[in-house]
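K.L.:
what's the 3D shape of this:
(one chain, ligands or ions: 1)
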Amino acid sequence: MYLSDLVTALEGSATAEIFAEAKKLEKLGKKVYHLEIGQPDFLPPQPVLDAICEATKTGKTTYTPSRGVIELREEISSYLLDTTGATVDPEKEIIAITGAKHGLFSSMFSVLNPGDEVLLPNPCWVSYEAIVKSVRAKPIFIDLESPHFDLDANLIHEHVSTNTKVIVINSPNNPTGTIYSQKQLHETLKLAKDLGIYVMSDEIYSEYVFDDPWTSLLSFPEWREVGIVVHGFSKTFSMTGLRLAWVAANSRIIDQINKVIQFTTSCPPSISQWGGIVALKNIELAREQIARTMPDRISAVLEILGDLQGIQLAPIEGAMYAFLRIGDGNVDDVDLAKQLLAKEGIAITPGSAFGPAGKGHLRISLGVRLEELKVALRKLRNFLSSM
Ligand SMILES: Cc1ncc(COP(=O)(O)O)c(C=O)c1O
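P.N.:
Sure, this is the predicted structure:
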């Protein structure tokens, strides 16, 4: 019988493939070091778990308003005021959504028409390309250069055509760890406003910021005209399976997304929403957890791989990954990742999973306990130095 040509043509995620292979090896009793998954290794803060249990016990398990319960949207609004200085109307300018992935999908679905072009600074998170294609739009890659992966308004301008409708930015960035400066971000937003296109800003790693200051798109007044900000609970609170996120944008866009939600997911999981309220009220617990774990893991990467000849580490300014170029960047990274799994038991994501500009790179997730990470990094170092 028939299948959709579009879906048939979408490629499976390379991360999922490596993960599946790693699970197979584990079933055979082999030790595998999981450096491939973007999943923090800690539990959500205890008050969040308690709130979810309480919501379950008290029957808060029904449909909620499609935009999410107002108490959650108010809490998101006050978090945004604290972290970005923006006043975002919880009634009209915020929608709670079933994960940032779905937030990106429904935002694109709400603003794009078939054939529209979406600029994707590359390398970039694996799902953007598939989401753009799923809404029958066309991804246009802006190749950025290792190790800083700088993006500026001139480079964006070179890739703009009359069909360009959206530029996606992601700071702190998965996989490169880059944080865009206030100037870079504002210039991008001003350019988008001049061109009459949207800036879709994926800010999911905003609490994973190490040395450099981080700026939200919401810090600039132009956001209300051309900005669409996607954020969520997965990374900050390690609530990946609870599927909760939000989109902040002007009311016309949020109304569009709301229509998509009403006919698809209805609302985000109710119990996750009650957990989300408590999560944001306890943001300090999440910040402490990140501060207690991530800097030591970054130091371990720098200590163990920093001086290795023939590799170039991108500066880890934010997010939860180390991104390294192997040799001159022409190495077959997919083959290398396969070898690392088969020979050393290291599951790692090949850079080309993140688009053409990721070729010849490997991405290491730092969502792994420090001791385990150190052992895996030493094995990786030995393997790479004997290549
Ligand atoms: C850049 C980026 N955006 C969004 C997501 C997905 O977030 P969610 O779990 O809320 O769908 C991820 C997950 O890895 C990510 O790396």
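
K.L.:
quick one: the helices in the stretch 51-200 of the chain?
P.N.:
70-84, 100-111, 127-134, 153-158, 182-195 (DSSP state H, counting those that start in this stretch).

K.L.:
what's the closest of these to the ligand?
P.N.:
Closest to the ligand of the helices of the stretch 51-200 of the chain is helix 100-111 (C-beta to the nearest ligand atom; 3.3 Å). For glycine as for every other residue, the C-beta is placed from the backbone atoms N, C-alpha and C.

K.L.:
tell me which residues are up against the closest one.
P.N.:
For helix 100-111, the external contacting residues (C-beta atoms under 8 Å, 6 or more residues apart in numbering) are 97, 118, 127-128, 131-132, 134-135, 137, 165-166, 198, 200, 202, 204, 228, 230-232, 234, 243, 245-247, 249, 253, 256-257, 259-261, 264-265.

K.L.:
need the contact partners of stretch 78-86.
P.N.:
Applying C-beta under 8 Å, 6+ apart, the set of residues contacting stretch 78-86 from outside is 87-88, 94, 206, 216, 218-219, 223, 248, 280, 283.

K.L.:
list the ones among these that fall in helices.
P.N.:
223, 280, 283 (DSSP state H).

K.L.:
what's near enough to touch Val301?
P.N.:
Val301 neighbours (C-beta under 8 Å, 6+ apart): 313, 316, 322, 364, 366, 373, 377.

K.L.:
repeat that with 6 Å
P.N.:
Ala322 (C-beta atoms under 6 Å, 6 or more residues apart in numbering).

K.L.:
so which of the helices of the stretch 51-200 of the chain is the most packed in?
P.N.:
Stretch with highest mean neighbour count among the helices of the stretch 51-200 of the chain: helix 100-111 (a mean of 24; mean count of other C-beta atoms under 10 Å).

K.L.:
what about that helix, near the ligand?
P.N.:
Yes - under the criterion of C-beta under 6 Å from any ligand atom, the ligand is reached by helix 100-111 at 100-101.

K.L.:
average pLDDT for that helix?
P.N.:
Throughout helix 100-111, pLDDT has a mean value of 98.

K.L.:
chain center to it, what's the gap?
P.N.:
Centre-to-centre, helix 100-111 and its host chain are 14 Å apart (C-alpha atoms, centre = their mean, to the nearest Å).

K.L.:
show me the strands in the stretch 1-150 of the chain, by range?
P.N.:
Here the stretch 1-150 of the chain has its strands, by DSSP state E, counting those that start in this stretch, at 33-34, 94-97, 117-122, 138-143.

K.L.:
what parts of the stretch 101-250 of the chain come near the ligand?
P.N.:
101, 125, 170, 174, 202, 204, 232, 234, 240, 245.

K.L.:
rerun that using 5 Å as the cut-off
P.N.:
Counting by C-beta under 5 Å from any ligand atom, the positions of the stretch 101-250 of the chain adjacent to the ligand are 101, 125, 170, 174, 202, 204, 232, 234, 245.

K.L.:
what's the most distant pair in those?
P.N.:
Asn174 and Ala245 (14.7 Å; C-beta to C-beta).

K.L.:
pull the residues that contact stretch 350-368.
P.N.:
Taking C-beta under 6 Å, 6+ apart as the rule, stretch 350-368 contacts 14, 35, 37-41, 122-124, 126, 141, 143-144, 175, 297, 320-326, 329-331, 333-334, 337, 348-349.

K.L.:
quick one, which of those are buried?
P.N.:
Buried subset of the contacts of stretch 350-368 (neighbour count, 16 or more other C-beta atoms under 10 Å): 14, 35, 37-41, 122-124, 126, 141, 144, 175, 297, 320-326, 329, 331, 333-334, 337, 348-349.

K.L.:
tell me which of these fall in helices.
P.N.:
Short answer: these in helices (DSSP H) are 14, 297, 333-334, 337.

K.L.:
columns distance to the ligand and pLDDT on top of those residues, output as CSV?
P.N.:
As requested, those are exported to CSV (distance: C-beta to the nearest ligand atom, whole Å; pLDDT from 0 to 100):
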residue, distance to the ligand, pLDDT
Ala14, 13, 69
Arg297, 17, 98
Asp333, 18, 94
Val334, 19, 91
Ala337, 17, 95
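
K.L.:
and the residues you listed, which two are furthest apart?
P.N.:
The distance between the two most remote of these (C-beta to C-beta) is 25.2 Å, for Arg297 and Val334.

K.L.:
of the ones in helices among the contacts of stretch 78-86, closest to the ligand?
P.N.:
Using C-beta to the nearest ligand atom, the ones in helices among the contacts of stretch 78-86 come closest to the ligand at Leu280, 14.7 Å.

K.L.:
contacts only, for that closest one.
P.N.:
75, 79.

K.L.:
what's the answer for Asp296, then?
P.N.:
Per C-beta under 6 Å, 6+ apart, neighbours of Asp296: Leu370.

K.L.:
still on that earlier bit, sort out which of the contacts of stretch 78-86 are buried, if you could.
P.N.:
Looks like these have 88, 94, 206, 216, 218-219, 223, 248, 280, 283 buried, using 16+ other C-beta under 10 Å.

K.L.:
ok, these vs His159, which is closest?
P.N.:
Closest approach between the buried ones among the contacts of stretch 78-86 and His159, by C-beta to C-beta: Trp223, at 21.9 Å.

K.L.:
the closest one: what's it in contact with?
P.N.:
Per C-beta under 6 Å, 6+ apart, neighbours of Trp223: Leu217.

K.L.:
so, low pLDDT: which residues of the stretch 1-150 of the chain?
P.N.:
Judged by pLDDT under 70, the stretch 1-150 of the chain has its weakly predicted residues at 13-14.

K.L.:
much appreciated, bye for now.
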